[in-house]
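[1] based on what follows, work out the 3D shape:
(chains A and B)
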Amino acid sequence: DIVMTQSPDSLAVSLGERATINCKSSQSVLYSSNNKNHLAWYQQKPGQPPKLLIYWASTRESGVPDRFSGSGSGTDFTLTISSLQAEDVAVYYCQQYYITQSSFGQGTKLEI
Amino acid sequence: QVQLVQSGAEVKKPGASVKVSCKASGYTFSGHYIHWVRQAPGQGLERMGWINGNSGATNYAQKFEGRVTMTRDTSINTAYMDLRSLRSDDTAVYYCARGHCSGIGCHDVFDIWGQGTMVTVSS
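    Here you go, the predicted model:
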């Protein structure tokens, strides 16, 4: 199994400031045949299901604001919110889908 | 619009079974996988497995092998997740989610989620 570890577990950022969440996989999720990182990011607000933000490590899902961006390759990835808005308060999860048994990180709670 | 609508909350006794449904609309059901993910109270996301909407092939997380069965009825665009021998630590919100498909194939990226079904296991 691939273990996903996020850091930090929680984060407080001022409105308008940059928020950065890290995700590390126990093995590379870069698939050589398509040269893509099989890594996604989700946002979950209280009482709601998760929402897909980013896949292929850096491709923004349709409708996701461009203040959200993903970067990284291999085993180390980052989700960046360039200018934090009040509605971004949520728990964020990374997920690898490199192998059939996909797995999630433990989550990072983002607060104002 | 594209959506997944799940069945309502359930309360079960230890040892019982629960069957959660997930009705799809707004897209071609057979063109996508349906995945099941659960979330215990205050905890993170845990993958349970998937079912191919076309072939009915399944893949279960090792933790649930022998205890879970995923099925689908293409005539009504509905997927089901049946979990047996329930324990108190099965208390969780159970989500179905659609697997993302594009020109380069289908992958375990969950682009549409159901609203969740709370399953409480208590004596």
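
[2] run a quick neighbour tally on residue 85.
    No chain specified, so I'll use chain A. 12 (other CB atoms under 10 Å in any protein chain shown). No exception for glycine: its C-beta is placed from N, CA and C like everyone else's.

[3] wait, chain B was what I had in mind.
    Neighbour tally, B:S85, other CB under 10 Å: 11.

[4] how about the strands in chain A?
    For chain A, strands defined by DSSP state E occupy the ranges A:4-7, A:10-12, A:19-25, A:30-31, A:36-37, A:39-44, A:51-55, A:59-60, A:68-73, A:76-81, A:90-96, A:103-104, A:108-111.

[5] centroid residue for chain B?
    Closest residue to the average C-alpha location of chain B: B:W36 at 3.0 Å, with CA atoms, centre = their mean.

[6] which element is that one on?
    strand B:33-39 (DSSP states H and E).

[7] now the element after that strand, going C-ward?
    Downstream of strand B:33-39, the first helix or strand assigned by DSSP H and E is strand B:46-52.

[8] next structured bit after that next one?
    Next element after strand B:46-52 (DSSP H and E): strand B:58-60.

[9] what separation do you get for the residue nearest the centre of chain A and chain B?
    Nearest to the mean C-alpha position of chain A, counting by CA atoms, centre = their mean, stands A:W41 at 3.2 Å. Separation of A:W41 from chain B (CB to the nearest CB, to the nearest Å): 10 Å.

[10] beta partners for that residue?
    Counting by DSSP bridges, A:W41 forms beta bridges with A:I54, A:C94.

[11] contacting residues for it?
    Contacts here follow CB atoms under 8 Å, 6 or more residues apart in numbering or on different chains; on that basis A:W41 touches A:23, A:52-55, A:68, A:70, A:79, A:92-95.

[12] dump those residues into JSON lines; add neighbour count, distance to B:I112 and pLDDT as well.
    Output for the contacts of A:W41, formatted as JSON lines (neighbours: other CB atoms under 10 Å in any protein chain shown; distance: CB to CB, whole Å; pLDDT from 0 to 100):
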{"residue": "A:C23", "neighbour count": "28", "distance to B:I112": "23", "pLDDT": "98"}
{"residue": "A:L52", "neighbour count": "23", "distance to B:I112": "8", "pLDDT": "98"}
{"residue": "A:L53", "neighbour count": "23", "distance to B:I112": "14", "pLDDT": "98"}
{"residue": "A:I54", "neighbour count": "23", "distance to B:I112": "16", "pLDDT": "97"}
{"residue": "A:Y55", "neighbour count": "26", "distance to B:I112": "13", "pLDDT": "95"}
{"residue": "A:F68", "neighbour count": "19", "distance to B:I112": "18", "pLDDT": "98"}
{"residue": "A:G70", "neighbour count": "23", "distance to B:I112": "20", "pLDDT": "98"}
{"residue": "A:L79", "neighbour count": "28", "distance to B:I112": "20", "pLDDT": "98"}
{"residue": "A:Y92", "neighbour count": "24", "distance to B:I112": "19", "pLDDT": "98"}
{"residue": "A:Y93", "neighbour count": "24", "distance to B:I112": "16", "pLDDT": "98"}
{"residue": "A:C94", "neighbour count": "30", "distance to B:I112": "19", "pLDDT": "98"}
{"residue": "A:Q95", "neighbour count": "25", "distance to B:I112": "15", "pLDDT": "98"}
